[in-house]
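Novice: Give me coordinates for this.
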Amino acid sequence: MGSVRPLNHSRQRRESNEGQETLDRRRSARITEASKMSLIGQVPGNRITACLQALYAIKYVKEDDVPCHIEEVSVIEFLFMKGLPTVLYDAGLFFQYQGLFLGSVGVAVNKELLKSLNITHILIVAKSLDPAFPNDFVYKKIEVLDTPDTNLQEYFDECFNFIEEARRAGGGVLVHCFAGRSRSVTVITAYLMKKYHMSLSHALSVVRSKRPQIAPNHGFMTQLETYEKSLRGSMF
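Specialist: Below you'll find the predicted structure:
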C-alpha cells in the first residue's frame, strides 16, 4: 500500500478562511449595491429623473468652468459617494421675486416644480447647458463662462427683454446657470437694479435673503458696480 500523506490542518484552515473572506466580500458588495438600489427606490421617481438629467451636464464641467468644480464621476459614485450635492437638490432654496426665479440646474430639470410655479420662460446663462424641456417652455440661452474676464454686462439688455416678454405674457421666468451662484445671480441682480431702482447692495441683499450661497465672481461684481453707476434713474 502507498503511504498516506498526513493532513495539513493549518493549510486547510488558511484556505477555508481565505474562501470565507472572499465570500464575505462578495456578499458585502451585493448588500451595498442592494442598499443603493433600495435608497433609489425611496426617492420619488421624478426626483431621480431630475438628477439623471442634471448629471448630463456634468460632462461639460471642464468646458463650462462652473464654480462648484464637480468631478466627472459615474452616476452611482455621484449619487452616493458625493452625497447628492446641493446643486441638484436645492429646489427649496431658489430665489423668487414677483414671478422672477433664480436657481441651479437642479431646479431647471424639475418639470413638475417648474409647472407648479407657473414658469413659462427659462433663461440659461451658461455655455454648455441645453434646454431640458424644449417642448414645454420658452428658452433663451446666453453662452458665457463663469470667469472674471467674461463680459456678461453686454448681455444685460438682451436678458432683460426676455424676462419682460415672459412677464407681459403672464408667466414666470427662471434664470439659471449651473450652480445658481454667479452668472444667473449677476443677471438677476442687474435686473432688480434697473427694474426696481435698487442699489447694488440692496439688490444683492434681496437675492441673498432667499439664496444665501450666491457668489458672483469678482469680474461680475466689478461689472455690476459699473452698471450701477451707469443707471442713474434709468427705467423700462
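Novice: Determine the set of other helices and strands touching the longest strand along the chain.
Specialist: With secondary structure taken from DSSP state E, the chain has its longest strand at strand 119-125. Secondary-structure packing of strand 119-125 (3 or more C-beta pairs under 8 Å, 6 or more residues apart in numbering; DSSP states H and E): strand 138-142, helix 156-168, strand 172-176, helix 183-195. Glycine gets a C-beta too; all of them are placed from N, C-alpha and C.
Novice: dump the residue contacts of I214.
Specialist: Contacts for I214 were tallied using C-beta atoms under 8 Å, 6 or more residues apart in numbering; they are 180-182, 185, 204, 207-208.
Novice: pLDDT below threshold where in this structure?
Specialist: Where the chain drops to pLDDT under 70, the residues are 1-93, 233-236.
Novice: swap the cut-off to 50 and go again
Specialist: Scanning the chain with the threshold set as pLDDT under 50 gives 28-45, 48-50, 52, 54, 57-63, 66-89.
Novice: Can you give me the distance of I214 to M221?
Specialist: Here I214 is placed at a distance of 11 Å from M221 (C-beta to C-beta, to the nearest Å).
Novice: Could you pull out the helices in the protein for me?
Specialist: Secondary structure of the chain (DSSP state H): helices located at 9-42, 45-55, 61-64, 75-76, 86-89, 105-108, 111-116, 156-168, 183-195, 200-210, 218-231.
Novice: Remind me what the last one packs against, helices and strands.
Specialist: Contact analysis of helix 218-231 by 3+ C-beta pairs under 8 Å, 6+ apart lists helix 183-195, helix 200-210 as its packing neighbours.
Novice: Deepest-packed of those helices, please.
Specialist: The highest average neighbour count among the helices and strands packed on helix 218-231, using mean count of other C-beta atoms under 10 Å, belongs to helix 183-195 at a mean of 25.
Novice: Pull the most distant pair out of the contacts of I214.
Specialist: G180 and L204 (14.4 Å; C-beta to C-beta).
Novice: check contacts around E165.
Specialist: H121.
Novice: what's the answer for the one 5 residues further on, then?
Specialist: By C-beta under 8 Å, 6+ apart, the contact list for G170 reads T120.
Novice: Tell me how far it lies from G99.
Specialist: 9 Å.
Novice: now E158
Specialist: 19 Å.
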